[in-house]
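*Asks:* With the input below, show me the fold.
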Amino acid sequence: MATIIGPSGKPNAAAAGPAWLALGAVGVVFVAIGLVDVLLAWLPPRFGDANWEFGTATAMFNNLPVPAMGLGLTLVSASAQNARKVVRAIVVIAAIFALWSLVAAVLFGLTLPLAFNSVSEPGPHQALLTSSIKTTVQIVAYEALFLSLARIAWRWDR
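*Replies:* The predicted model follows:
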């Protein structure tokens, strides 16, 4: 059985086969489908509307698992196939997602006080608190993930 990682620590292109191609195809489809979900959360834009900004940021982070998984699958597949151009593209895409997540995090953070001030009843207040904690955890996790994917791909490509 061939090893996938060679002595240099980089993937062995000879070990890449149809399974890696299939994994890469699944990853690309996940990125495309997830990107559509994320984009649709931002359309139509209504910057200045606190409800829209809060809802859009929350929806974006709820829709990020699929494209994040797709980027990871595509990176693993591209690395195994020694597809340097794809790995470089992943650096750019992951960095864009990290920046986009940061913009959404700022919008979320700016509208969070307004959201809490607009809710006074205990039930909706608890739901808002739960949603805010979930989104905050997602912000930290996705920011770390996208920056890590960009860094891993960047270092592998060097």
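
*Asks:* could you pull out the helices for the protein?
*Replies:* 18-41, 50-62, 65-80, 84-118, 122-157 (DSSP state H).

*Asks:* quick one: the most centrally placed residue in the chain from Leu149, how far?
*Replies:* Against the mean C-alpha coordinate of the chain, by Cα atoms, centre = their mean, the closest residue is Ala68 at 3.9 Å. Note on Ala68: its distance to Leu149, by Cβ to Cβ, to the nearest Å, is 8 Å. In short, each C-beta sits where N, CA and C put it, glycine included.

*Asks:* Lys134 too?
*Replies:* When Lys134 is compared with Leu149 (using Cβ to Cβ), they lie 22 Å apart.

*Asks:* go on, Ile33?
*Replies:* Applying Cβ to Cβ to Ile33 and Leu149 gives a distance of 18 Å.

*Asks:* The two: which is more packed in?
*Replies:* The residue with more neighbours, out of Ile33 and Leu149, is Leu149; 22 against 14, by other Cβ atoms under 10 Å.

*Asks:* Was I right to think that one contacts Ile90?
*Replies:* Yes - assessed by Cβ atoms under 8 Å, Leu149 is found in contact with Ile90 at 6.7 Å.

*Asks:* No further questions, thank you.
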